[in-house]
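Visitor: predicted model, plus sequence, below.
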Amino acid sequence: MEEEYRIIDRYLMIRLPEEIDHRSCQEISRRADRMLLSSEVKDVVFDFSRTVFMDSSGVGVLAGRYRRVSCFGGRVYVANASRRIRKILKLSGLMKYLEFMEREENDEKRDQA
């Protein structure tokens, strides 16, 4: 598992691993929560650029971080999500709580490659 965590300004940037499943989600949630509590972070950005698989536990990670930051006016952003990841987020109902940082046409180019 090679996720990366960085704080840039008041954003916690999390570059997610290739596979997001029950096993990896526990560590992602634990590390993200620790950083949210120990720094003055307001928003969270999940970078899906390396992610090719995500199950329902990944949806839980995003929902949990949304609940944690939204009560303080924070937001959760999604970057570089493939069409497949967007579909999972749409089916879960999370799309209305997340903000996307790129245009959808980037998905089409990446999915065609």
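Guide: Now that the structure is in, tell me what you want to look at.

Visitor: now name the helix or strand holding the residue nearest the centre of the chain.
Guide: The central residue of the chain, meaning the one whose C-alpha is nearest the mean C-alpha position (Cα atoms, centre = their mean), is Phe46 at 2.9 Å. Secondary-structure element containing Phe46, defined by DSSP states H and E: strand 43-47.

Visitor: what is that strand packed up against?
Guide: Contacts defined by 3 or more Cβ pairs under 8 Å, 6 or more residues apart in numbering; DSSP states H and E place strand 43-47 against strand 11-15, helix 56-70, strand 76-79. (Glycine included, C-beta is placed from N, CA and C.)

Visitor: biggest helix in the chain, by residue count?
Guide: Identified as the longest helix of the chain according to DSSP state H is helix 22-38.

Visitor: now the strand holding Phe46 - C-alpha only, CSV.
Guide: Output in CSV follows, covering the C-alpha atoms of strand 43-47 (Å, rounded to 0.1, in the frame of the first residue of the first chain):
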residue,chain,number,x,y,z
ASP,A,43,-10.4,20.3,3.7
VAL,A,44,-9.5,16.9,2.4
VAL,A,45,-8.5,16.1,-1.2
PHE,A,46,-8.5,12.4,-2.3
ASP,A,47,-6.3,11.9,-5.4
